[in-house]
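In: Task: produce atomic coordinates for the following.
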Amino acid sequence: MQQSILIIDDDEYLTGTMAEALTELGYRVICSVNSAEGLLLAQMQQPDIILCDVVLPDAVGFDTVSALRAHPSTRHVPVVLITGDEDASRYEGEGKSMMLIKPFSVEILAEVVRGTLAARSPAHH
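Out: Reported below is the predicted structural model:
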């Protein structure tokens, strides 16, 4: 079954680039430009992984992660936070699985997604 990825990011260029690359790798990609829509899509679509920007027009990424963790249907979905802030150490313990620091390559994106999904698969428990 095709794995799905939800991207929550208001940067249309970056979202388009990520969506195109991930689709080519065989994933089903769902995109959202803000936190409220992203949370709704996460609950409705049940993605296998969520890529979420730290700064969104209607929320800070951490608030989005907290809301995802608070909802039973999205509590266990791995979240990769995307940030332009190179000091990612300040984001420890924010409920995310991984960080992607902008700018990143398609190869890095693919590696992070594959690694996060592999760590989540039942074979590894």
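In: Run the chain-centre distance for the single longest helix found in the chain.
Out: Ordering each helix of the chain by length in residues (DSSP state H) puts helix 106-120 first. Remark: helix 106-120 is offset 11 Å from the chain centroid, using CA atoms, centre = their mean, to the nearest Å.
In: what's in contact with that helix?
Out: Residues outside helix 106-120 that contact it (CB atoms under 8 Å, 6 or more residues apart in numbering): 3, 5, 17-18, 21-22, 25, 27, 48-49, 51, 78, 80, 97-98, 100, 124. Glycine gets a C-beta too; all of them are placed from N, C-alpha and C.
In: Just the ones in strands from those, please.
Out: Among the contacts of helix 106-120, DSSP state E puts 5, 49, 51, 80, 98, 100 in strands.
In: Of those residues, which is the most crowded?
Out: L51 (29 neighbours; other CB atoms under 10 Å).
In: Do I have it right that that residue meets L6?
Out: Yes. With contact defined as CB atoms under 8 Å, L51 reaches L6; the gap is 7.2 Å.
In: which among the ones in strands among the contacts of helix 106-120 gets closest to G38?
Out: L51 (10.0 Å; CB to CB).
In: Return the distance of that closest one relative to Q3.
Out: Taking CB to CB, to the nearest Å as the measure, L51 falls 13 Å from Q3.
In: Sheet-wise, list the partners of the helix-or-strand element of the chain with minimal mean pLDDT with their directions.
Out: Ranked by mean pLDDT, DSSP states H and E, the helix or strand of the chain with the weakest confidence is strand 59-60, at a mean of 82. Using DSSP bridges, strand 59-60 pairs in its sheet with strand 55-56 (antiparallel).
In: Now do the partner strand: distance to the chain's middle.
Out: So, by CA atoms, centre = their mean, the centroid of strand 55-56 is 13 Å from its chain's centroid.
In: Other residues contacting it?
Out: Taking CB under 8 Å, 6+ apart as the rule, strand 55-56 contacts 8-10, 34-35, 38, 61, 64, 83.
In: which ones among those are found in strands?
Out: 8, 83.
In: Restricted to buried residues, select the contacts of strand 55-56 in ChimeraX.
Out: Written as a ChimeraX command, the selection of buried residues from these, which uses 16 or more other CB atoms under 10 Å, is:
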select :8,9,34,35,38,61,64,83
